[in-house]
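Participant: Structural data only, the sequence is not supplied:
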């Protein structure tokens, strides 16, 4: 995996693109591993917590860490709850 990831990063036009590609690849690997393991024990508590969250406050807390302000549009209950649905 390490060599493959290094190749993916080297093929990008800029360091920023390389960092984004590495992050996307690792996120996909993690998500795939979680889905394969069928870890449903954590999904219900996470779902419940997402439903009771103060979304305006959550977005305000996360916004300073986003690379693009348009990414804040993805921080909605529907988007995140949709990620908890089985593939």
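Facilitator: Structure received. Fair warning: this is a prediction, and the values are worked out from it, not measured in the lab.

Participant: what about residue 85, distance to residue 35?
Facilitator: 11 Å (CB to CB, to the nearest Å). Every residue, glycine included, has its C-beta placed from N, CA and C.

Participant: Just want to know which of those two has more residues nearby.
Facilitator: More crowded of residue 85 and residue 35, by other CB atoms under 10 Å: residue 35, with 11 against 8.

Participant: most centrally placed residue in the protein?
Facilitator: Centroid check for the chain by CA atoms, centre = their mean gives residue 27 as the closest residue, at 6.3 Å.

Participant: packing partners for the helix or strand that one falls within?
Facilitator: In this assignment (DSSP states H and E), residue 27 forms part of helix 15-37. Counting contacts by 3 or more CB pairs under 8 Å, 6 or more residues apart in numbering; DSSP states H and E, helix 15-37 packs against helix 2-10.

Participant: what comes up buried for the helix it packs on?
Facilitator: residue 9 (16 or more other CB atoms under 10 Å).

Participant: same check, this time on stretch 64-84
Facilitator: Within stretch 64-84, judged by 16+ other CB under 10 Å, the buried ones are 75, 80.

Participant: for that stretch, how far is the first residue from the last?
Facilitator: With CA to CA, to the nearest Å as the measure, the ends of stretch 64-84 fall 25 Å from one another.

Participant: Just the residues contacting that stretch, thanks.
Facilitator: Residues from elsewhere that reach stretch 64-84, judged by CB atoms under 8 Å, 6 or more residues apart in numbering: 43, 46-47, 50-51, 53, 55, 58-59, 62-63.

Participant: Now secondary structure, distance to residue 18 and pLDDT too, for the residues you listed, in a markdown table please.
Facilitator: Shown next, in a markdown table, are the contacts of stretch 64-84 (DSSP: H, G, I helix; E, B strand; the rest coil; distance: CB to CB, whole Å; pLDDT from 0 to 100):
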| residue | secondary structure | distance to residue 18 | pLDDT |
| --- | --- | --- | --- |
| 43 | helix | 32 | 81 |
| 46 | helix | 31 | 87 |
| 47 | helix | 34 | 88 |
| 50 | helix | 32 | 90 |
| 51 | helix | 37 | 90 |
| 53 | coil | 33 | 91 |
| 55 | helix | 32 | 90 |
| 58 | helix | 29 | 90 |
| 59 | helix | 28 | 90 |
| 62 | helix | 23 | 91 |
| 63 | helix | 24 | 90 |
